Every structure is written in structure tokens, then in C-alpha cells.
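*Asks:* Just the structure for this:
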Amino acid sequence: MSTTASGKSGTWRNWAGNVTARPVREVVPASVEELRGAVRRAAEEGLRVKAVGTGHSFTAAAATDGVLIRPHLLTGIRGIDRAAGTVTVEAGTPLRRLNAALAREGLSLTNMGDIMEQTVSGATSTGTHGTGRDSASIAAQIRGLELVTADGSVLTCSAAENPEVFAAARIGLGALGIVTAITFAVEPLFLLSAREEPMPLDRVLAEFDQLWSENEHFEFYWFPHTGNTTTKRNNRSAGPAQPLGRLSGWFEDEFLSNGVFQAVNWVGRAAPAAIPGIARISSRALSARTYTDIPHRVFTSPRRVRFVEMEYAVPRAALVEAVRELKAMVDCSNLRISFPVEVRTAPADDITLSTAEGRDSAYVAVHMFRGTPYQAYFTAAERILTAHGGRPHWGKVHTRDAEYLAGVYPRFGEFTALRDRLDPDRRFGNDYLRRVLGS
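*Replies:* Now for the predicted structure:
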């Protein structure tokens, strides 16, 4: 996956290409002090400010017509505290680089999402998560934050220092300030055994509670227009390590899941009527496999085929019914869906605007190939998921506004009150935040 870039015209585009913006200027600060200066200068000029990482959000959360901050030089590990079990890292550090550096130190995050192209601040600010029975999102592993606020000052927070800011800023949507450093909880490097295998959707749904309870990390991918899924179970292992062979890993993860899948989607975009038949073949293309490796090589995989995505968190108890309704909707529609639906889980956490705040959650993610009309599919899926009290992923396509979100987040008012205090002039505002948080 490539990072975002501004063309000669000064237009910024996200990774999926569905969001563009034309900032007045871009700033690439080499230090926190330079970043503070950029925020102060923007305030003097009456310009809004947004920071952007690699642009993997599908919403306009980072778009601005003012000053665009690129934190690419604010990278690297500031320090490791082995006694406390923490690492402090600069906000612009890509997750890929952090994972590799931690592994060299014999350390690891407890859980992570399924890609690692994002910066640590971009991933946490929008609520990036993986799947886990007991271990939660990346943001839930944060133990401390440093951010530059609207007046250019530096504010640090943790459970003990500025706890009301800490409760909200771990998933801050870029609305409270620009994150400059994050302290994560880490643990000694461990091994995960992955078991991937096809399974009929009816069986997955009938046995979902058992599959969830028996595995530390369970997820599945349902292929629309079929009754087939691919399941993945990750559990800690005493070893020995048995990583994927280089050739077999390349064949399935690169050749099939990226190269062939890209070609299949080109065909589907040109001839939508062929998609159901293609889906039946695709859903049987990947065979069962098991392997054991260090966490980031198991949790994550390359995603080179570009797409647009919507994802909702529903109460875990509502997941089976929601997926059944989604399948029934697709089956009786004229929609042609070439991407699988991804289903994951997370335990309840205490982050103010986390999609898992206060409730055990399950995530349903729908995708469409880039350049393919997605509105009808996403609208229908959104109708189903919001009927179950769904909370939209902050970095993925959705149409919900502040009125709806205030109804599904019990602590929504806490966040907006804190925003009023830290950024009364909306220095870090944009159209997306106006919609989801209110003016």
C-alpha cells in the first residue's frame, strides 16, 4: 500500500482516493517545537490545522482547507521502560516500523489490526482495532499521550495526569489536539498459532459463541453471493515457531489474495453479472493452513487491492442476527459484491468515543472495490447495522451525524465538553468533525 501524496496542484488524496482536499500549505515539522510554531502561526492567520499520516482513513477526518501537518519526521522510539512494560514512540512512526523495532527488543503489542501501514497516531485516533476475546483495540493499549493543543502548548495525559483528557484523547479524532507521542503498554515477545480454514456460514453463525469463547482471537470473512467463509483463529503458543514458507506465503498472501484478487475485481467492475460466479470460485480458492510466528506476522497481512470500506460495531450479542439480515438483504437484491464481509470482536473498554466503550462488541465491515459504486450497498448495510445500535468506525465511510452518535455513545457529551475547553475556536475542526461532533 502506498502512502498519500500531494500532486503538483497541491491536492491531497487519501489511500482509497475517495477523499480529496486542497490545503493552503503543508508543514513537515522536524520537532515538537516546530509543530507548536506551525499551530501558533495558523492561529494568527485564522487557518484551521489538521495532521495526516498515511491517509488510510476512508472519511475526511484529516482533510483541511487550512494547514496540513505531515508528521513524517516525528518518528522513532523515544524510550523503553521495561520495568513499567511501556514504550514511548513518536506519533508519526508507522506501525510497521514500531512492530519491527519492538520485535528486535524482544517486545510486542498485545493486539493489533490487520494492516500496519498507518502511523501510530492516525491508527489510534480513529479507533483502529483487530479482533480479540480479551484484548482490545490499539488505543486501549495506550498508557500516556502527549499532544499540542490549540494554543500551541504541550499537554501530557495519562490515567493519573489529566485523566479526563486521557479518557477521550486516546481516540480523539484529531479534534482535541495534534498527538506528538504515545506511550503503549507492551509485553515480552510471544508466539501466536494461526489456524485458517474454510467453514460454511451457517455453521459459523450457529457456533459463533463457542468459536469466540474458545479462541483468544477469532474472525471470519463471508463471501457475499455464497454460503462460504474463511475463518481465522489465533492463540498463544509455547512454540516452536513454524512460520509460513516463503513460497507458500507468497502464493496465498501475494499472488492469490492480492494479484489474482486484483484481476478478479477488474473483471467484476467491468462485468458485474459475473461477480456471483467469481465469488463462488474465490471463496474456495484459499485452502486450510496453520502456522506459528511472532504477533505482527500473524495479525497483519498485506492489502494492496484498493477499496472503500464501511464498518460498524454492534453489541456482540446482536452479531449473528445482524449478519443473517445482511446476507438476506444481499440475496434478495440486485447488488453485486466482490469483496468479502469481515467480522471481528472486541471486549468493552473505557475510552470515551471508542466503538467498544462500555459494551462487548462485534464489528461488521463491508467493502467495495475502488471505482465501483458503493452507495447502495453501504446504505442498505448501514440501515441494518444502525437498527442494532451500531456505532460507525470513525475512520470508515458512514452517514451518521452528531444527533445519532449522541444516542449510541453514553459519554458523547463528555467528549464535546472537553473539545469546547481545549479547542473553543475549532482550530482542529473540519467538515467531518462538524457533522459527527456538532458545531
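*Asks:* how near is the residue most central in space within the chain to Ala362?
*Replies:* The residue lying closest to the centre of the chain (CA atoms, centre = their mean) is Thr128, at 3.0 Å. From Thr128 over to Ala362 the distance is 16 Å, taken as CB to CB, to the nearest Å. The C-beta positions use only the backbone N, C-alpha and C, and glycine is treated the same way.
*Asks:* hmm, back to that, hmm, the residue nearest to the centre of the chain is touching Gly113, no?
*Replies:* Yes. Taking CB atoms under 8 Å as the definition, Thr128 is a contact partner of Gly113 at 4.7 Å.
*Asks:* Pull up the overlap in contacts between the two.
*Replies:* Ile138 (CB atoms under 8 Å, 6 or more residues apart in numbering).
*Asks:* Give me the residues contacting the helix or strand bottoming out on mean pLDDT in the chain.
*Replies:* Ranking every helix and strand in the chain by mean pLDDT, DSSP states H and E puts helix 246-249 at the bottom, with a mean of 70. Applying CB under 8 Å, 6+ apart, the contact partners of helix 246-249 are 243, 289.
*Asks:* ok, then the element right after that helix?
*Replies:* helix 261-270 (DSSP states H and E).
*Asks:* what are the C-alpha coordinates of the very next helix or strand once past that following helix, in PDB please?
*Replies:* Remark: after helix 261-270, the chain's next helix or strand is helix 275-282, criterion DSSP H and E. Included here for helix 275-282 are C-alpha records, laid out as PDB according to Å, rounded to 0.1, in the frame of the first residue of the first chain:
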ATOM      1  CA  ILE A 275     -19.400 -11.500  -9.700                       C
ATOM      2  CA  PRO A 276     -21.600 -14.200  -8.100                       C
ATOM      3  CA  GLY A 277     -19.900 -16.900 -10.100                       C
ATOM      4  CA  ILE A 278     -16.500 -15.400  -9.400                       C
ATOM      5  CA  ALA A 279     -17.400 -15.200  -5.700                       C
ATOM      6  CA  ARG A 280     -18.200 -18.900  -5.600                       C
ATOM      7  CA  ILE A 281     -14.700 -19.700  -7.100                       C
ATOM      8  CA  SER A 282     -12.900 -17.100  -4.900                       C
END
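*Asks:* Break the protein into its domains for me.
*Replies:* For the chain, the structural domains run 77-188, 191-392, going by automatic domain parsing.
*Asks:* Quick one, which of these gets closest to Ala417.
*Replies:* Nearest to Ala417, of all the domains of the chain, is domain 77-188, at 9.3 Å by CB to CB.
*Asks:* where does the closest residue to Ala30 other than its chain neighbours land in three-state SS?
*Replies:* Computed as CB to CB, 6 or more residues apart in numbering, the closest residue to Ala30 that is not its neighbour in sequence is Leu73, at 4.6 Å. Here Leu73 is coil, with the state taken from DSSP: H, G, I helix; E, B strand; the rest coil.
*Asks:* How much space separates Leu73 from Leu176?
*Replies:* Counting by CB to CB, the gap from Leu73 to Leu176 is 22 Å.
*Asks:* With neighbour numbers in mind, choose between the two.
*Replies:* Comparing Leu73 with Leu176 by other CB atoms under 10 Å, the one with more neighbours is Leu176, at 24 against 14.
*Asks:* and the more buried one, which of the three is it?
*Replies:* coil.
*Asks:* wait, it sits on Ala168?
*Replies:* Yes. Between Leu176 and Ala168 there is a contact under CB under 8 Å: 6.5 Å.
*Asks:* Need the overlap of contacts for those two.
*Replies:* Contacts common to Leu176 and Ala168, judged by CB under 8 Å, 6+ apart, are Leu418.
*Asks:* Now do the contacts for Gly17.
*Replies:* Gly17 sits in contact with 306, 370, where contact means CB under 8 Å, 6+ apart.
*Asks:* Sorry, slip of the keys, the one I care about is Ile69.
*Replies:* Neighbours of Ile69 in contact, by CB under 8 Å, 6+ apart: 26-29, 35, 38, 49-52, 178.
*Asks:* Let me know the closest of those residues to Pro198.
*Replies:* Nearest member of those to Pro198, counting by CB to CB, is Val52, at 38.4 Å.
*Asks:* Quickly note the distance from the residue lying closest to the closest one once chain neighbours are set aside to Glu105.
*Replies:* Spatial nearest neighbour of Val52, chain neighbours left out: Ala62 (4.0 Å); criterion: CB to CB, 6+ apart. Distance, Ala62 to Glu105, by CB to CB: 30 Å.
*Asks:* Tell me which of those two has more neighbours.
*Replies:* Ala62 (27 against 14).
*Asks:* So the more buried one is in contact with Lys50, correct?
*Replies:* Yes. Between Ala62 and Lys50 there is a contact under CB under 8 Å: 5.2 Å.
*Asks:* overlap in contacts of those two?
*Replies:* 68, 174.
*Asks:* Which positions within stretch 338-356 qualify as buried?
*Replies:* By neighbour count with 16 or more other CB atoms under 10 Å, stretch 338-356 contains the buried residues 338-347, 349, 351-356.
*Asks:* rewinding a little: backbone torsions only: list them for the residue nearest to the centre of the chain.
*Replies:* phi -60, psi 140 (degrees, to the nearest 10).
*Asks:* So for the helix or strand containing Glu321, mean pLDDT?
*Replies:* Glu321 is part of helix 319-331, with elements assigned from DSSP H and E. For helix 319-331, the mean per-residue pLDDT is 98.
*Asks:* Next: stretch 195-209.
*Replies:* Mean predicted lDDT for stretch 195-209 stands at 97.
*Asks:* Name the surrounding residues that touch it.
*Replies:* 211, 220, 222, 226-234, 283-284, 286-290, 319-320, 323-324, 327.
*Asks:* Any of those buried? List them.
*Replies:* Looks like the contacts of stretch 195-209 have 211, 220, 222, 226, 228-234, 283, 286, 319-320, 323, 327 buried, using 16+ other CB under 10 Å.
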